[in-house]
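Peer 1: quick one, structure for this:
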Amino acid sequence: MHVRCPDRLGEDLYRQVLEQAAELSPVVQALPPTAALVELKGALRYHGVDAVRLGEVLRVRTISRLGVDIRVGIGPSITVAATASGRITGPGGVLAVTPDQVTQWLGPLPVQALHGIGPRQTEILRDYGVHCVGLLAALPPATVQRLLGGRAGRQAADRARGIDPRPVA
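Peer 2: Numbering: from 1, shown residues only. As a prediction, this is how the structure comes out:
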């Protein structure tokens, strides 16, 4: 689960949002200044509910206890969850992407919407004619590596396919 707090959130409120997340899962990774990752595997078994329900509970708690509305993205990888939280319009909400929806959901998104793709990479990909994530995923990884560089190209190609092996720490 990827949690995005409002911009310009004070340090104290940000810490309190992290504490609310820690009440649901023991594995919370702060991404200062306004985001966090929450590992849900153990929390799902412990609470006996699905990921969407935990995201909604976290959102309701932060609104009612702190007056802070958050955007919660849920997905099978960090990239998918972070991309989902970035696609929520408005001040808050919960958007979940299941493992079987990843390719279909990511495909039509503009390439700059993919978490981890910066403005320079977006420009390079667009110059090559890659405007959406589906086109990026369809390219051979070697081509993406030639365009963006070795490591960055591998990461971009994998993330376009929903692959992100990084653990929440």
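Peer 1: please count neighbours and contacts with C-alpha atoms only from this point.
Peer 2: Noted.
Peer 1: what residues sit buried inside the one helix or strand in the chain whose mean pLDDT sits lowest?
Peer 2: Lowest on mean pLDDT, DSSP states H and E among the helices and strands of the chain sits helix 41-47, with a mean of 87. Neighbour-count burial for helix 41-47, with 16 or more other Cα atoms under 10 Å as criterion, is recorded at 43, 44.
Peer 1: which helices and strands does whichever helix or strand comes after that helix pack with?
Peer 2: Tracing the chain past helix 41-47, the next element assigned as helix or strand by DSSP states H and E is helix 51-61. If contacts are counted by 3 or more Cα pairs under 8 Å, 6 or more residues apart in numbering; DSSP states H and E, helix 51-61 sits against helix 11-22, strand 71-74, strand 93-96.
Peer 1: all strands for the protein, in order.
Peer 2: In the chain, the strands defined using DSSP state E lie at 2-4, 28-31, 35-38, 71-74, 93-96.
Peer 1: quick check, central residue of this protein?
Peer 2: residue 82 (0.9 Å; Cα atoms, centre = their mean).
Peer 1: so what's that one closest to, chain neighbours aside?
Peer 2: Distance criterion Cα to Cα, 6 or more residues apart in numbering; nearest residue to residue 82, sequence neighbours excluded, is residue 2 at 5.2 Å.
Peer 1: need the pLDDT of that neighbour.
Peer 2: Here the pLDDT value assigned to residue 2 is 96.
Peer 1: hang on, isn't it packed against residue 72?
Peer 2: Yes. Contact status for residue 2 versus residue 72: in contact at 5.7 Å, counting by Cα atoms under 8 Å.
Peer 1: looking at these two, which has the bigger crowd around it?
Peer 2: For residue 2 and residue 72, the more surrounded residue by other Cα atoms under 10 Å is residue 72, and the numbers stand at 31 against 28.
Peer 1: wait, the more buried one sits on residue 90?
Peer 2: No. In this structure, residue 72 is not within contact of residue 90 by Cα under 8 Å, at 11.9 Å.
Peer 1: would you state the predicted confidence (pLDDT) at residue 9?
Peer 2: Looking at residue 9, its pLDDT reads 89.
Peer 1: contacting residues for it?
Peer 2: Residue 9 is in contact with 33, 34, counting by Cα atoms under 8 Å, 6 or more residues apart in numbering.
Peer 1: what lies in contact with stretch 31-43?
Peer 2: 1-9, 11, 14, 18, 21, 24-30, 51, 78, 168.
Peer 1: buried sites along it?
Peer 2: 33, 34, 35, 36, 37, 38, 39, 40, 43.
Peer 1: could I get these as CSV with distance to residue 123?
Peer 2: Shown next, in CSV, are the buried residues of stretch 31-43 (distance: Cα to Cα, whole Å):
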residue, distance to residue 123
33, 26
34, 26
35, 26
36, 28
37, 28
38, 31
39, 33
40, 35
43, 40
